[in-house]
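K.L.:
Pasted the sequence and its predicted model underneath.
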Amino acid sequence: MTTNLGVLIVGHGSRDPAANREFLALVDAYRAAHPAQVTAHAYVELAEPGLDAALAAIARQVAHVIVVPLFLFAAGHVKNDLPLALSRARAAHPAIEFTAARALGVHPELVELAFTRAAPILEVARDRAKTAVIVVGRGASDPDANGDFCKLVRLIGEGRGLGWVVPSFIGIARPSFEDAAELLARARPERIAVVPYMLFGGRLIDKLATQVAAFQARTPWIPTTLAPHLGGDAPLLRILDERVREATAGERPLPCDTCQYRAPIAGVAANVGGVKALLWSLRHGFTHAQAMPHVHAHRPLAKHVLVCANADCAARGSVALLTTLRRLVKDAGRDRDIRVTRTSCLGRCGEGPTVAVYPDGIWYRGVTDADAAELVRDHLLGDRLVGRLVDNIMQ
């Protein structure tokens, strides 16, 4: 027998069990505050249950599922992974209503929560006008998400009397924390507070702590202190309530939930899904050069090779790998129809360098410069997989 309403809280997921426990503690607190409804959780990656399995499980218990992405901003996971999973769930469970709520976004409660994390550090400052705050975000390949983060950082500093409040990122986007700190050090602030604008702990927080300690060792004349991350405090529970109320009332839906490539909208239902999006991309490759007049016509590519050059993969040698792949492809005379592209994070941090080959949909991990010749010879030129390096085969 089903009840009327279920809320599925979706987190990113972490390889660090402590970070997942923080997330679960928040879910438990929300569940305790709403005993009349079914509350469940899911992860986009790195932990279980996955999104598809959790949607199927909660659909067996309720008539209406509200999916709340517990993400600070709407980037790739919220704009792509979540709507695609919802489209699959709607097809599998047509009698159940699925509604997507918005991400947390730029919210006054989160602005205040971030400032309270820095407040104990600022209280010991002799002069706030000579005190700096560096707010560190996760970073995304989505410009909107990075722009929203920069807006929020500005709001954190408004009216506080601080000398500097600057944004930075731990990955994917720039400036990095290290770049921002080095530049700020030239202004000679008397004190720096570093605020990690991240919901839960984990490897990124550990990485940031190491970077802050290294910066403090290089600049001992500027006291630099790392504040706690946001955590699952009461403001977060209030925002969850707000997002559920909005979704229940049909207000402010997740914009990408109605994208023609993700949801069955009228006569364009055939466009839905990641594979269909790839096919549309291939179709574009073949028709692009035929449309006239066309000022940037190009030949379709036989293969498009994506090499992650984000900080983690770059530290493991991906930049040298990228250069070697391009040289070998050019030496083979195939640089016109095999493109090797540098990308930002591909979501395999700690497992790279990561290489993806499309339209084949083959992802490799742990690829080194020494593997480049084999990869070009066997896969790019010979259409044979390098099995020992395969991470995933996209279907």
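P.N.:
Received, thanks.
K.L.:
Could you confirm Val357 falls within a strand?
P.N.:
Yes: the assignment for Val357 is a strand, going by DSSP: H, G, I helix; E, B strand; the rest coil.
K.L.:
What distance do you get for it to Val367?
P.N.:
Spatial separation of Val357 from Val367 under the definition C-beta to C-beta, to the nearest Å is 11 Å. Just so you know, the C-beta spots here come from the backbone N, C-alpha and C atoms, and that holds for glycine as well.
K.L.:
of the two, who's got more company?
P.N.:
Shown here are Val357 and Val367; by other C-beta atoms under 10 Å, Val367 has more neighbours (25 against 20).
K.L.:
and the more buried one, that's in a strand?
P.N.:
No: when three-state DSSP is applied, Val367 is found to be coil, with no strand at that position.
K.L.:
where does this protein have its least confident helix or strand?
P.N.:
helix 274-287 (a mean of 49; mean pLDDT, DSSP states H and E).
K.L.:
burial of Leu236, as a residue count?
P.N.:
That count, for Leu236 with other C-beta under 10 Å as the rule, works out to 21.
K.L.:
ok, now which ones touch it?
P.N.:
Leu236 makes contact with 26, 104, 109, 113, 199, 230 under the criterion C-beta atoms under 8 Å, 6 or more residues apart in numbering.
K.L.:
partners of the helix or strand following the least confident helix or strand of the chain in the sheet?
P.N.:
With elements assigned by DSSP states H and E, the helix or strand that comes after helix 274-287 is strand 303-308. Applying DSSP bridges to the sheet, strand 303-308 is found paired with strand 338-343 (parallel), strand 355-358 (antiparallel).
K.L.:
Kindly reformat those as TSV containing distance to Tyr30 and mean pLDDT.
P.N.:
Listed next are the strands paired with strand 303-308 as TSV, based on distance: least, C-beta to C-beta, whole Å; pLDDT from 0 to 100:
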stretch	distance to Tyr30	mean pLDDT
strand 338-343	36	92
strand 355-358	36	93
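K.L.:
which of those strands is buried the deepest?
P.N.:
With neighbours taken as mean count of other C-beta atoms under 10 Å, the strands paired with strand 303-308 reach their highest mean count in strand 355-358, at a mean of 22.
K.L.:
if you average pLDDT over the host helix or strand of Lys151, what comes out?
P.N.:
Under the assignment given by DSSP H and E, the secondary-structure element containing Lys151 is helix 143-157. When pLDDT is averaged over helix 143-157, the result is 93.
K.L.:
sorry, back to before: what's the closest of the strands paired with strand 303-308 to Phe73?
P.N.:
When the strands paired with strand 303-308 are compared by C-beta to C-beta, strand 338-343 sits nearest Phe73, at 19.8 Å.
K.L.:
How far does stretch 156-170 stretch from one end to the other?
P.N.:
Terminal residues of stretch 156-170 are spaced 19 Å apart (C-alpha to C-alpha, to the nearest Å).
K.L.:
Now tell me what touches it from outside.
P.N.:
Judged by C-beta under 8 Å, 6+ apart, the contacts made with stretch 156-170 from elsewhere in the structure are 111, 114-115, 122, 128-139, 146, 149-150, 153-154, 175-177, 179-181, 184, 187, 189, 195-196, 204, 207-208.
K.L.:
List buried residues within the residues you listed.
P.N.:
Applying 16 or more other C-beta atoms under 10 Å to the contacts of stretch 156-170, the neighbour count classes 111, 114-115, 122, 128, 131-139, 146, 149, 153, 175-177, 180-181, 184, 189, 195-196, 204, 207-208 as buried.
K.L.:
Among the residues you listed, name the ones in strands.
P.N.:
Using DSSP state E to define strands, the subset of the buried ones among the contacts of stretch 156-170 located there is 131-137, 195-196.
K.L.:
can you list these in TSV and add distance to Lys79 and pLDDT?
P.N.:
Rendered in TSV, the data for these read as follows (distance: C-beta to C-beta, whole Å; pLDDT from 0 to 100):
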residue	distance to Lys79	pLDDT
Thr131	36	95
Ala132	33	95
Val133	29	97
Ile134	27	97
Val135	23	98
Val136	23	97
Gly137	17	96
Val195	26	97
Pro196	23	97
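K.L.:
Going by residue numbers, what spans are helices in this protein?
P.N.:
Chain-ordered helices for the chain, with DSSP state H as the definition, fall at 17-33, 51-59, 76, 82-92, 108-123, 143-157, 177-185, 203-218, 234-248, 274-287, 311-315, 318-331, 372-374.
K.L.:
Using a markdown table, lay out those together with distance to Val305.
P.N.:
What follows is the helices of the chain, written out as a markdown table (distance: least, C-beta to C-beta, whole Å):
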| stretch | distance to Val305 |
| --- | --- |
| helix 17-33 | 32 |
| helix 51-59 | 28 |
| helix 76 | 20 |
| helix 82-92 | 24 |
| helix 108-123 | 39 |
| helix 143-157 | 24 |
| helix 177-185 | 28 |
| helix 203-218 | 27 |
| helix 234-248 | 39 |
| helix 274-287 | 15 |
| helix 311-315 | 14 |
| helix 318-331 | 6 |
| helix 372-374 | 10 |
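K.L.:
among these, which gets the worst mean confidence?
P.N.:
If those are sorted by mean pLDDT, helix 274-287 sits at the bottom with a mean of 49.
K.L.:
Now do the same contact list for Asn4.
P.N.:
For Asn4, counting by C-beta under 8 Å, 6+ apart, the contacting residues are 37, 62-64.
K.L.:
Quick one: end-to-end length of stretch 65-83, please.
P.N.:
By C-alpha to C-alpha, one end of stretch 65-83 lies 14 Å from the other end.
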